[in-house]
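# Please work out how this folds:
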Amino acid sequence: MLGVLPDVHRLQRRPAMGVAAKTGSSLRMLRAIQPVGINVICSANHQLGGSRWFHSGGVMTPATFTAQLRAALVVAVAMAGACLRGFTPVAAQQPPSWAYPDATRTGLAEVDRAIAEMLERDHAGLLGRFVFTARPCSTAGGIGSVRCPVGQPSGTSVHVFRSASCQSSWLPQGDPALEAAAQQLVSHPKALFAVARVSGDATGADFAVFFGGYSDPGTPEVEGTDDSARVLYVSEAGISGVDFGCRDGVGHEAASLSASAFLLPPRVGPLPPILGSGPEPEPTPSRAGRLALVLLALGSALLAITRPRRDTPLR
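Numbering: from 1, shown residues only. Below you'll find the predicted structure:
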């Protein structure tokens, strides 16, 4: 315990130092509180320098023992406080009320894989299922056009992947921006908002899968948010395009898309309770809670051993 317990044990084994029966209860109490978690306090055993906290020879009185142990406990409390400084417990984020449960599936293999990989924030899995569409290229360039490879004339068919935000861009195979797009998809936790059937999409996609941020209310008027929607365009072959929402909320993205039908329609508002999910997990004490228990044990030990005693040698 912070460089203290090893010396206390030595005191108990060495009667010549004068510590006898009157300190036995204190020693037993120290052994009892050691498993509570004294060693979590910032490896202070090394920092406090081991045995220097106790009288190393001669006759030790109860008052000397108490004073030195009190000093060690004061340092322990101070170091525990230092451990806690800057530690802010982070509350677990709760899914928004409109979110479909993570286990929701449509029965369509490619759509369900896209849902699972987005919710698991598996950017490598998403990247591995990007599929490319043959599009005619242009040497003139311009918004939304496919740029021709060097030396290729306009009209050459190029296999590209669509990545859109406020405007569409077409990324050729091997472009490093593909990796960046996959990472950006999962840069923030998202929840499943809806799955729509689409037709006439430039990439040949059959479905649009909508994901929204945890702070997004899901209503159509949300624009200019930093945690914008994510939309995956999915065909039977894989993911043929992505849309990063142009700082719009997921409700706005879904409302602006001309969907022919919804496999999973948007649902905004509180959800009914999910029943039959089994017993609630046992609460796990936080780091701050465990350290509070340690400090409580230290305080109890200090009160127990600092009762007034006569400053006489122990025999």
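
# what kind of secondary structure is Val231 in?
For Val231, the assignment made with DSSP: H, G, I helix; E, B strand; the rest coil gives strand.

# residue contacts, the nearest residue to Arg129 once chain neighbours are set aside?
Distances taken as C-beta to C-beta, 6 or more residues apart in numbering place Gly238 nearest to Arg129, at 4.1 Å, with adjacent residues excluded. The C-beta positions use only the backbone N, C-alpha and C, and glycine is treated the same way. The neighbourhood of Gly238, defined by C-beta atoms under 8 Å, 6 or more residues apart in numbering, consists of 110, 129-131.

# ok, which pair from the residues you listed is furthest apart?
Greatest spatial distance among the contacts of Gly238 (C-beta to C-beta): Glu110 and Phe130, at 12.0 Å.

# Tell me the bridge partners for the residue nearest to Arg129.
Assessed by DSSP bridges, Gly238 has beta-bridge partners Ser235.

# pLDDT at it, what is it?
We have a pLDDT of 96 for Gly238.

# if we can go back for a sec, point out the ones among the contacts of Gly238 that are inside strands.
With DSSP state E as the criterion, strands contain none of the contacts of Gly238.

# So which of those is the closest to Ala254?
Lowest distance from Ala254 to the contacts of Gly238 (C-beta to C-beta) belongs to Glu110, with 19.7 Å.

# mind checking pLDDT for that closest one?
So Glu110 comes in at 96 (pLDDT).

# Equivalent analysis for Arg230, please.
For Arg230, the pLDDT comes out at 97.

# Now for it, how many residues are close by?
When counting by other C-beta atoms under 10 Å, one arrives at 24 neighbours for Arg230.

# ditto for Ala140
Look at Ala140: counted by other C-beta under 10 Å, it has 9 neighbours.

# give me every residue that touches it.
Ser154.

# swap the cut-off to 10 Å and go again
By C-beta atoms under 10 Å, 6 or more residues apart in numbering, Ala140 lies in contact with 147-148, 154.

# right, and out of those residues, which lies closest to Ala67?
Arg147 (79.7 Å).

# I'd say the closest one and Trp170 touch.
Yes. Using C-beta atoms under 10 Å, Arg147 is in contact with Trp170, at 7.6 Å.

# So between these two, which is more surrounded?
Trp170 (23 against 17).

# so which strand or helix has that one?
Using DSSP states H and E, Trp170 maps to strand 168-172.

# what comes up buried for the helix or strand just after that strand?
Remark: after strand 168-172, the chain's next helix or strand is helix 177-185, criterion DSSP H and E. Buried residues in helix 177-185, counted by 16 or more other C-beta atoms under 10 Å: 178, 181-182, 184-185.

# For Pro153, which non-adjacent residue is closest in space?
Of all residues not flanking Pro153 in the chain, Thr139 sits nearest, at 6.9 Å (C-beta to C-beta, 6+ apart).
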